[in-house]
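Trainee: Need coordinates for the below:
(4 chains)
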Protein chains: 2
Amino acid sequence: MALSAALLAVAGELTQRIHEGVVARGFEGIRPAHGFAFVRLAPDGATVTELAAHLGVTKQAASQLVEEIVRKGYAERRPHPGDARARLVVLTGQGWACTRAAEEAAAEVVGTWAALLGEGEVRALSEQLGRIAPYGPIRPAW
Amino acid sequence: MALSAALLAVAGELTQRIHEGVVARGFEGIRPAHGFAFVRLAPDGATVTELAAHLGVTKQAASQLVEEIVRKGYAERRPHPGDARARLVVLTGQGWACTRAAEEAAAEVVGTWAALLGEGEVRALSEQLGRIAPYGPIRPAW
DNA sequence: GTTATTAGTCAAGCTCCTTGACCATCTGAC
DNA sequence: GTCAGATGGTCAAGGAGCTTGACTAATAAC
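Mentor: Residues are numbered from 1 along each chain as shown, chains lettered A, B, ... in the order given. All right, here's what the predicted structure looks like:
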């Protein structure tokens, strides 16, 4: 199997398994795209415009996504310190719990890889991928 | 950087670069989803239903995708030998040329990884990913 | 203080996928 | 042979999620 095909197949599998794991942990109404947003919001929150850049979509699309995760209780809007135009979007407790659930699900999948490859090779895989990973926006994986 | 994040970032980058490479070689009106279809059609063609299973979408969606790539000259419908209900969708010369262009673009990207990691590590990466790659449908990577 | 830029939202439209209905053909039981 | 159910494919309608365009409020540049 070609490298490209294997990489894309593994990435698709990973995205799907994480999503299933998150749903299995009781978080509903969530799509993979939301998870990619949570990654950006998690450290200290972000503005709609920053989120749009992270996801590689227009700020209108990011605004709609924020509206949705706010409505579902995963995030909330706060006034931005130092810029009255902007609003800081931060995760709620439920948003953090969902993020942790996604990390657990991801760890489970990686665990199945470790069973196939061994711990050492998984570390090598991680190190190699880290060295070729780009810095740009992270796009939802389907 | 976590393994999951690196993997998804690399996969997103790969998909985007392949798409850009295909466009740069003069093939327009094509999306990554079409490329995933070409992979299934390339060896000996496939029916709409088989293609739908490969892509993980409904057969209606696959039928619309086939309609689109036929209209754009990348594939054509032929009577299916042995089943008058079914139609075999096969790539045209242009479809094959586009597939080769995608392979060239993919090889270019892998070449940039080889420059970062070295040939040996890229081979190791390929071998490891091949061992954990699933067999199921390949989903478009954004 | 005026002007240009930036953050965010509203509205309309497009693309691609879904569900539901339908016809044509194949398969298997009788 | 024939008839019921399964299967391949398409048509039609609707929805989710993205885009472009227009707009307001606040900031930054000068």
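
Trainee: Please enumerate the helices of chain A.
Mentor: Along chain A, counting by DSSP state H, helices occupy A:3-24, A:32-41, A:48-55, A:59-71, A:93-117, A:119-132.

Trainee: will you turn those into a markdown table that also has mean pLDDT?
Mentor: Shown next, in a markdown table, are those (pLDDT from 0 to 100):
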| stretch | mean pLDDT |
| --- | --- |
| helix A:3-24 | 91 |
| helix A:32-41 | 93 |
| helix A:48-55 | 94 |
| helix A:59-71 | 96 |
| helix A:93-117 | 94 |
| helix A:119-132 | 91 |
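
Trainee: how close does the nearest residue to A:Ala101 once chain neighbours are set aside sit to chain B?
Mentor: Of all residues not flanking A:Ala101 in the chain, A:Arg25 sits nearest, at 4.1 Å (CB to CB, 6 or more residues apart in numbering or on different chains). (C-beta placed from N, C-alpha, C; glycine too.) Noted for A:Arg25: a distance of 16 Å to chain B, by CB to the nearest CB, to the nearest Å.

Trainee: Also A:Glu103?
Mentor: Distance of A:Glu103 to chain B, given as CB to the nearest CB: 8 Å.

Trainee: can you pull the contacts of A:Gln94?
Mentor: By CB atoms under 8 Å, 6 or more residues apart in numbering or on different chains, the contact list for A:Gln94 reads A:Gly73, A:Tyr74.

Trainee: In chain A, what residue comes closest to chain B?
Mentor: Of all residues in chain A, A:Ala11 sits closest to chain B, at 3.4 Å by CB to the nearest CB.

Trainee: Excluding chain neighbours, give the residue nearest to that residue in space.
Mentor: In this structure, A:Ala11 finds its nearest non-sequential neighbour in B:Ala11, 3.4 Å apart by CB to CB, 6+ apart.
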